[in-house]
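# need a 3D model of the following:
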Amino acid sequence: YDILQNLGHHLMQVVGDGYVGCEITRNYDAVSHRISLWRSCEGEAADSRRCWNFARNNSCARGDQCRWAHEHPQTMEISVKVVSVRCK
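Now for the predicted structure:
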């Protein structure tokens, strides 16, 4: 599971600033797992006015004092299937 978390973390960096969320789905009965990443698909203008703390965590410590928009972006899912092979 640590390997999947590390891979998800590195994929978030590749996705860039528009990254909104990551979910790891482990399939215990098979050798494949899935990492799903969500990225904003609204464009740079919308992304530049958004509070990313709120978009990623559904909360912002600054509350009403935050200068950024507290809204959730429209997203696209990036899904990666991870297949493991057991060594003999």
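
# roughly how far apart are the most centrally placed residue in the chain and residue 31?
Residue closest to the mean C-alpha point of the chain, counted by C-alpha atoms, centre = their mean, is residue 21 at 2.5 Å. Residue 21 sits at a distance of 25 Å from residue 31 (criterion: C-beta to C-beta, to the nearest Å). C-beta: built from backbone N, CA, C; applies to glycine.

# I'd guessed residue 42 sits against residue 72; true?
No - applying C-beta atoms under 8 Å, one finds residue 42 not in contact with residue 72, separated by 10.4 Å.

# who does residue 50 bridge with?
Bridge pairing for residue 50 (DSSP bridges) gives the partners residue 69.

# quick one: residues contacting it.
By C-beta atoms under 8 Å, 6 or more residues apart in numbering, the contact set of residue 50 is 40, 68, 69, 71, 73.

# ranges for the helices of this structure?
With helices called from DSSP state H, the chain shows them at 2-15, 44-47, 52-57.
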